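Asks: Provided below for reference: sequence and predicted model.
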Amino acid sequence: MAEYNYNLKMSVQRGSGEDISMVNYEVEVDSKMVVLDALHKIQTDEAPDLSIRWNCKAGKCGSCSAEINGKPKLLCMSKLSDFSETEVMVVKPMHTFPLIKDLVTDVSWNYLVNKKIKPFSPPDNFKDDPKMMQQEVDRVQEFRKCIECFLCQDVCHVLRSHQRFDVFAGPRFMVRLASLEMHPLDTEDRIPEIKNVFGSGLCNITKCCTEVCPESIPITDEAIIPLKERVVDRYYDPLKWIVRKIFG
Amino acid sequence: MAEMITLPTVDHGEFKHSRNDRWWVRPLLQAVAITGFIFYSLWVIFLESDNYKVEGTHYISPFYSPDLELGFWPIEGFSPALLLIWIPLGFRYTCYYARKVYHRAFLADPPACAVSELRKVNHKYKGENKLVFIVSNLHRYFFYLAFVLMIVHIIDFFLAMKFEDGIGFGLGTLLLGFDALFLALYVLSCHSCKHVVGGGLDCFSCNTAVNARYKSWKFVKKLNENHHKFFWLSLLSLIVADIYIKLLINDVISLEFDRWI
């Protein structure tokens, strides 16, 4: 039996379309609970129609992304002990994506972007058990920690404020592009697309994606900036341009 | 192939947010610090162009390093600092960390994470694809030039051990040493440096030469994790060394006090 030791005041965004409002709840909680637990208690006790997307409750499925007190976070990894017991906790859905209902948003745009990325392309003489050295594994493995929660997409101001969904892929897909581009066995050249289709130049390095990543992937320093540097190699480096013109 | 689409979300601008923390403190402090540095630099370069060397020592203000006397320079009426000051200015302006600072603190683009910008939705936003931000792509060249300047500052540190009566060590030597140290750490931890030494490679184990580049990349990667700290420390050590040299020039601090060994 759970023991509750204080009442938490929560203000949760409810509704869909034009009919959106903030609804206040007071819920008995324990400081060991996470925000998702508190929302589930509201769902059980007061609002059975409250919509929340969640799955693993272990910070690995990336389903329960939302904004708690204005900061993009996973509901299942946000401990109540990290928040004030007396202040009202404000829970809203991700701002950047179209709202379906309550805390659930439509993130399907991300999957459309993903389809545009050229997949891993091994060389023709690729063996079934190719050997990779540990130092090469380390670099790309960091990117594989991504759980596709899309919090980085949510917080990126190019998408959130400027809504450049038409020309910018967002931090999550810069990470995927980096993992492919840096792969020693990959033969595909994605640099033209990284510049012209996925819009690496639109990122102005404000590093919000890195700040919100629940997997602590250094998105800006290890994925976006290295990709920008590779774009510089190809398009903005005058010495390399001269060398290419002379030697082909 | 799937096409990207425009999503019907709305951003109202005017710094709208749901955050309950003091998100404005850091950009405000950074704006104050950078503005202070800019005004101090302008004062040092344009109004203090005769006060940068301490007689009887080899102490020279880092703003004026190296002390070049060329046939065409310095031109009467122009500060000697103007010959090379564009190098550190360009390096800092195009620095990846500095971009974060000035886009947040001065341009509010955005002022903080998950905080709206002042203006409403800008569907024409081009980021670093347009002037003046496209110049940031030249960071690598400013890095090469800053690397040379870093060596000059290290030489200045060793020269600061030379006094009229021989080799010695003073507080000025130490402060110029800090300036050289933090400038070196700032330059070597640069993202372009990380890319040039090995980050641009896909295969780290292809041959022995590449393996050496891998080790260099690992080293710079470690430094790079603290690039932001070196950015601020190098600015601070530059100002402290310059102020100290001005205090020596104006006899506020005596050379006897300065000299330790």
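Replies: Looks like it came in fine.

Asks: I figured A:Glu188 hits A:Lys118, correct?
Replies: Yes - using C-beta atoms under 8 Å, A:Glu188 is in contact with A:Lys118, at 5.0 Å. Using the backbone N, CA and C atoms, a C-beta is placed for each residue, glycine as well.

Asks: OK, contacts around the nearest residue in space to A:Ser78 that is not next to it in sequence?
Replies: Distances taken as C-beta to C-beta, 6 or more residues apart in numbering or on different chains place A:Val35 nearest to A:Ser78, at 4.4 Å, with adjacent residues excluded. A:Val35 is in contact with A:Ile68, A:Lys73, A:Leu75, A:Cys76, A:Ser78, A:Leu80, A:Phe83, A:Met89, A:Val91, counting by C-beta atoms under 8 Å, 6 or more residues apart in numbering or on different chains.

Asks: you'd agree the first one is up against A:Cys76?
Replies: Spelled out, it's A:Ile68. No - with contact defined as C-beta under 8 Å, A:Ile68 does not reach A:Cys76; the gap is 11.5 Å.

Asks: can you confirm B:Ile134 is in a helix?
Replies: Yes - assignment of B:Ile134 by DSSP: H, G, I helix; E, B strand; the rest coil places it within a helix.

Asks: per-residue pLDDT, the closest residue to it other than its chain neighbours?
Replies: If the residues on either side of it in the chain are set aside, B:Ile134 comes closest to B:Glu128, at 6.0 Å by C-beta to C-beta, 6+ apart. You'll see B:Glu128 listed with a pLDDT of 90.

Asks: residue contacts, B:Glu128?
Replies: Neighbouring residues of B:Glu128 by C-beta under 8 Å, 6+ apart: A:Gly201, A:Leu202, A:Cys203, A:Asn204, B:Ile134, B:Ser136, B:Asn137.

Asks: Name the member of those with the most neighbours.
Replies: When neighbours are counted by other C-beta atoms under 10 Å in any protein chain shown, A:Cys203 leads the contacts of B:Glu128 with 26 neighbours.

Asks: Make TSV out of the contacts of B:Glu128 and add pLDDT, secondary structure and distance to B:Leu171.
Replies: Putting the contacts of B:Glu128 into TSV (pLDDT from 0 to 100; DSSP: H, G, I helix; E, B strand; the rest coil; distance: C-beta to C-beta, whole Å) gives the following:
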residue	pLDDT	secondary structure	distance to B:Leu171
A:Gly201	95	helix	47
A:Leu202	96	helix	48
A:Cys203	97	coil	44
A:Asn204	94	coil	41
B:Ile134	91	helix	44
B:Ser136	92	helix	38
B:Asn137	92	helix	41
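
Asks: Which parts of chain A belong to which domain?
Replies: As recorded under automatic domain parsing, the domains making up chain A are A:6-105, A:108-247.

Asks: Now render those as JSON lines, adding distance to B:Leu29.
Replies: Output for the domains of chain A, formatted as JSON lines (distance: least, C-beta to C-beta, whole Å):
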{"stretch": "domain A:6-105", "distance to B:Leu29": "20"}
{"stretch": "domain A:108-247", "distance to B:Leu29": "17"}
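
Asks: Tell me how many other residues crowd A:Asn5.
Replies: By other C-beta under 10 Å, 10 other residues sit near A:Asn5.

Asks: and what of the one 3 residues further on?
Replies: The burial count assigned to A:Leu8 is 25, neighbours taken as other C-beta under 10 Å.

Asks: so it, which of the three states?
Replies: A:Leu8 is classified as strand under three-state DSSP.

Asks: Could you check how far it is from chain B?
Replies: Distance, A:Leu8 to chain B, by C-beta to the nearest C-beta, to the nearest Å: 14 Å.

Asks: Name the residues linked to that residue by a beta bridge.
Replies: In this structure, A:Leu8 bridges to A:Val27 when assessed by DSSP bridges.

Asks: List the residues that contact it.
Replies: A:Glu26, A:Val27, A:Glu28, A:Val29, A:Ala38, A:Leu80, A:Glu85, A:Met89.

Asks: go again using 6 Å as the cut-off
Replies: Listed by C-beta atoms under 6 Å, 6 or more residues apart in numbering or on different chains, the contact set of A:Leu8 reads A:Val27, A:Val29, A:Ala38.

Asks: just B:Ala114 next, same as before
Replies: A:Gly70, A:Val155.
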